[in-house]
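# I would like the atomic coordinates for the input below:
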Amino acid sequence: MRMTRQQHTDRATGGIVGGFAALVVGSAALLALGAVQGTDAEIAAEGHRQYCKGVATWQWEAHQGVQPEHRTGHPDWKGIAADECPGLRPAAPALDLSTERQLVQH
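Next comes the predicted model:
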């Protein structure tokens, strides 16, 4: 059976529309994948910040004399805090508040 000219044109148009639809769907999929990967990076960065915060809390509480079972942070179990946690350094000596003078008397 031979196709008429109209049937041939309809078939070609359908192929163009189908190809365009596939392009749109493919582009949307790539954008969604990019958004998910960006979210994964944000989640990883937040996890790293929380890790560093926990190590800093642990070290500060250790410096303050808090026993390990009562500390709210966690030790540097990954062994990365010194190199990868910005601003983290050994704590300064504790202030001896018993020898401070009161500047204002009532």
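# look at Lys78 and tell me its secondary structure.
coil (DSSP: H, G, I helix; E, B strand; the rest coil).
# let's have the chain start at 42 instead
Shifting the count to begin at 42 puts that one at Lys119.
# so it versus Phe61, what's the distance?
Look at Lys119 and Phe61: by C-beta to C-beta, to the nearest Å, they are 50 Å apart. Just so you know, the C-beta spots here come from the backbone N, C-alpha and C atoms, and that holds for glycine as well.
# equivalent analysis for Gln108, please.
Gln108 is 68 Å from Phe61, where distance means C-beta to C-beta.
# same thing with Val107?
65 Å.
# so for these two, which residue has more residues nearby?
Higher neighbour count among Val107 and Phe61: Val107, with 15 against 10, using other C-beta atoms under 10 Å.
# where does the more buried one fall, helix, sheet strand or coil?
Of the three states, Val107 takes coil under three-state DSSP.
# and the pLDDT at it?
pLDDT recorded at Val107 is 92.
# now stretch 99-108: buried residues?
The neighbour-count check on stretch 99-108 (16 or more other C-beta atoms under 10 Å) flags 99-100, 102 as buried.
# how about low-confidence regions in the chain?
Applying pLDDT under 70 to the chain flags residues 42-56, 58, 60, 71, 73-79, 130-147.
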